[in-house]
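Chemist: predicted structure and sequence below. I'll ask about it afterward.
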Amino acid sequence: MLRALGLPVTEVARYWTSERTALAHGLVALVLAATADLFAGVILGSFQSALADLPGLLMLIPAAIAMRGATFGAFGARIGTAILTGQFEPTVRREGYLGRQLEAVGILTLVTSLEAALVAGLFGAVIGGDMIAIWDLVVVSVLGGVLASLVLVVVTVRLARAAHRRGWNMDDVGAPAITATGDLVAIPALLLASMLATRGAVSLSIAVVVALASLAAAVYGWLHPRPEIRRLVRESVVVLTFAAVVSVLAGVVIEARVEIFLATPALLILFPAFIAMFGSLGGILSSRLTSKLHLGLIQPTPVPGRLAALDFSVTYLFAGFIFGVIALGTALAAGVLDVEAPGLVSLMGICLLGGMMGTTLLAGVSYGAATATYRFGLDPDNHAIPIVTSVMDFLGMLCLVGAMAILQVG
């Protein structure tokens, strides 16, 4: 693989040695992210009855998780760039850097949550079968998105201040920490909001209110008087709409095999961590690439240069380690909860085979997204992470199902 990238082993070893602090921070952040994602999977696995009683909810979960990861992952990437370029200020003022960013994130949370519900409802109507009503999806998606985002705002701001104060690289610690927090809080928030679903007129009334609020936020953001917020919202809405559609497709893959996941709760524990890890890895890689593009260290050429290829090698190192951790964590959680699970060897095979297939796709998607947006004069911090997160939700889900099929698990 190193030869295919045009890199001798000695050069990779030197690069890893020079990046040892970043590697240590990244590995710690990824382990914490995997732990949080496994807890999210445990929560999801404990709600088998709710998933069975609310058909279509499982289809919405990847999109709801992805929207939080894409929105706040891009937020973290922008902060990382702002720290490197000296634009960041830790004080939250409406006219300050953080204040403007938080206003844009609030608008995008409402807009993308409504979009995810509408897209899920559309795909549900196309594939047919039992589905909860569209207004129930709106209630679950928007209220769940707002609840999760409130937690993420606090976490992201505190992490940004710590990174600024202590000299951490947000590109290495921000993406996995934010993504993991989003995964950990998104599923409970979604399940909590689902308690208001299927309540007839009550659910319909709530759906109308939150839908109108989301539409008002979309119009306000699109026509915002501050040009930087207006640009950020306009650019992000386009890419996040694409992200919502692709993430719902990942949910369609799960919904089509819902019997397998419900019959084997360990797979419900596994899938949030497996899918989310591509978001964390993609966030690290995309952030590193976009920061280097901003600083002129790499050029947006069609074929990755040596420095970009060295960053790919770091991603493979991270992936080989963390997908093994996910397999062990899933087996441990399944044993503690005493639920149906494949053996440890099968779980390790699924995670490593599917994880490495997905990481190869991730390298191409991350580099293509970062360089293409940069070449077109768009801010890669606003586009690369949402594109990578959403595309890898779908491709990662295909890699997971493909690995299960190859190894004949489930």
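Modeler: Ah, there it is.

Chemist: after the lowest-mean-pLDDT helix or strand in the chain, next one along is what?
Modeler: Scoring the helices and strands of the chain by mean pLDDT, DSSP states H and E places helix 48-53 at the bottom, with a mean of 73. The element immediately downstream of helix 48-53 (helix or strand, assigned by DSSP states H and E) is helix 57-85.

Chemist: if you count neighbours, what's buried in the helix or strand following that next one?
Modeler: Once the chain leaves helix 57-85, the next helix or strand it forms, by DSSP H and E, is helix 97-127. The neighbour-count check on helix 97-127 (16 or more other C-beta atoms under 10 Å) flags 97-98, 100-121, 123-124 as buried. All C-beta spots, glycine's among them, are computed from the backbone N, C-alpha and C.

Chemist: for this structure, what are the low-confidence residue spans?
Modeler: Applying pLDDT under 70 to the chain flags the ranges 1-6, 129, 169, 171-176, 179, 379-383, 385, 410.

Chemist: quick test: name the residue nearest the centre of it.
Modeler: With distances taken as C-alpha atoms, centre = their mean, the residue of the chain nearest its centroid is residue 69 (3.6 Å).

Chemist: hmm, that one is touching residue 389, no?
Modeler: Yes. If you go by C-beta atoms under 8 Å, residue 69 and residue 389 touch, sitting 5.0 Å apart.

Chemist: tell me the SS of the nearest residue to residue 70 once chain neighbours are set aside?
Modeler: Excluding the flanking residues, the one nearest residue 70 by C-beta to C-beta, 6 or more residues apart in numbering is residue 386, at 3.8 Å. With DSSP: H, G, I helix; E, B strand; the rest coil as the basis, residue 386 sits in helix.

Chemist: heads up, I number from 4, so please use that
Modeler: Got it, the first residue is 4 from now on, which makes the last one we talked about residue 389.

Chemist: and residue 389, how far from residue 143?
Modeler: 21 Å (C-beta to C-beta, to the nearest Å).

Chemist: ok, residue 370 - contacts?
Modeler: With contact taken as C-beta atoms under 8 Å, 6 or more residues apart in numbering, residue 370 is in contact with 292, 307, 311, 315.

Chemist: repeat the analysis, applying 10 Å as the threshold.
Modeler: 288-289, 292, 301, 303-308, 311-312, 314-315, 387, 391 (C-beta atoms under 10 Å, 6 or more residues apart in numbering).

Chemist: just residue 222 next, same as before
Modeler: Remark: with contacts taken as C-beta under 10 Å, 6+ apart, residue 222 is in contact with 110, 114.

Chemist: same deal with the one 4 residues further on?
Modeler: With C-beta under 10 Å, 6+ apart as the criterion, the residues that contact residue 226 are 233, 236, 237.

Chemist: contacting residues for residue 93?
Modeler: Residues near residue 93 by C-beta under 10 Å, 6+ apart: 99, 100, 101, 160, 163, 164, 165, 167, 168.

Chemist: hmm, who's touching the least confident helix or strand of the chain?
Modeler: With contact meaning C-beta under 10 Å, 6+ apart, helix 51-56 is reached by 47-48, 50, 60-61, 64, 135, 194, 197-198, 200-201, 258, 261-262, 264-266, 268, 271, 342.

Chemist: could you flag which of those residues are buried?
Modeler: Among these, those buried by neighbour count (16+ other C-beta under 10 Å) are 47-48, 50, 60-61, 64, 135, 194, 197, 200-201, 258, 261, 264-265, 268, 271, 342.

Chemist: with distance to residue 248 added, can I get the contacts of residue 93 in TSV?
Modeler: Output for those, formatted as TSV (distance: C-beta to C-beta, whole Å):
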residue	distance to residue 248
99	34
100	31
101	30
160	30
163	30
164	35
165	35
167	35
168	39
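
Chemist: and the furthest pair within those?
Modeler: Greatest spatial distance among the contacts of residue 93 (C-beta to C-beta): 99 and 165, at 18.0 Å.

Chemist: thinking again about what came up before, who wins for neighbours among the contacts of residue 93?
Modeler: Neighbour counts for those (other C-beta atoms under 10 Å) peak at residue 163, which has 26 neighbours.
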